[in-house]
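Asker: Compute the structure for the input listed below.
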Amino acid sequence: MKLFEIIHKIPHPWTQVTQAHWEKYPNDHSAHITSVDILDRYVDENGILHTERLLSGKQKIPKILAKIFNSSDVAYFHEVSTLDPKTSVLHAETVNLSFSNLILIEEGLTLKRNPEDPNNNTLFIQQAKISAKGVLAGISKYTEEFTAKTFKANAANGRLGLEQVINRIKLREQQALMN
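Answerer: Next up is the predicted model:
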């Protein structure tokens, strides 16, 4: 099993960062995500927004594995999230649906106001657990290292993409004020 965690301070208000989370795809830095579909969305009796999404994208898989398992490079991910406007916390759990019998990638993402500067700064906390399974368990170190390397690169690009979307939102807000 391979664990990954990053805590990043985003110098933007929580409201803009969470809005950017919903509008994140497409962006220039995460071209591997090709579609996002909302499967379910509702607000519960406590005012918490619950969302379930299906993401699809192109994933790099070792050519030998693609050949052995006769698989395409399209992968699907299931995300379940909650957004609590009272506590200013968005939490999302994402798991891969594709190849989950071979490698399981469980990602957690939390966006919350930074207590050091709650009006202008957001904490971005991302965690992942990568576990090789089935026939890949025998070569788990290689499989988990390869997957972790790809995940880390995608995570870094994802943060750049989030920043790009935040800037797009800010520009839209400025243009709305001018009109």
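Asker: What ranges does this structure have for its helices?
Answerer: Along the chain, the segments classed as helices by DSSP state H run 14-23, 63-69, 140-178.
Asker: mean confidence score for the longest one?
Answerer: Confidence for helix 140-178, expressed as mean pLDDT, is 85.
Asker: Burial-wise, tell me which of the helices of the chain comes out on top.
Answerer: Sort the helices of the chain by mean neighbour count, taking mean count of other Cβ atoms under 10 Å, and helix 14-23 sits at the top with a mean of 19. Backbone N, C-alpha and C define where each C-beta goes, glycine included.
Asker: Run through who's touching that helix.
Answerer: Residues outside helix 14-23 that contact it (Cβ atoms under 8 Å, 6 or more residues apart in numbering) are 10, 83, 88, 90, 92, 111-113, 118, 122, 124, 162, 165-166, 168-170.
Asker: what angle separates that helix from helix 140-178?
Answerer: 120 degrees (axes from the mean of the first three to the mean of the last three Cα atoms, to 10 degrees).
Asker: From the chain's centroid, how far away is helix 14-23?
Answerer: Its chain's C-alpha centre and that of helix 14-23 lie 12 Å apart, by Cα atoms, centre = their mean, to the nearest Å.
Asker: Quick one: closest of the helices of the chain to residue 51.
Answerer: When those are compared by Cβ to Cβ, helix 14-23 sits nearest residue 51, at 8.2 Å.
Asker: can you tell me the average pLDDT over the closest one?
Answerer: For helix 14-23, mean pLDDT is 95.
Asker: Kindly report the same for stretch 118-125.
Answerer: Across stretch 118-125, pLDDT averages out at 96.
Asker: buried ones in it?
Answerer: 121-124 (16 or more other Cβ atoms under 10 Å).
Asker: For it, measure first residue to last.
Answerer: Length of stretch 118-125, first residue to last, Cα to Cα, to the nearest Å: 15 Å.
Asker: Same question for stretch 110-120.
Answerer: 17 Å.
Asker: How far off centre is it?
Answerer: Stretch 110-120 has its C-alpha centroid displaced from the chain centroid by 19 Å (Cα atoms, centre = their mean).
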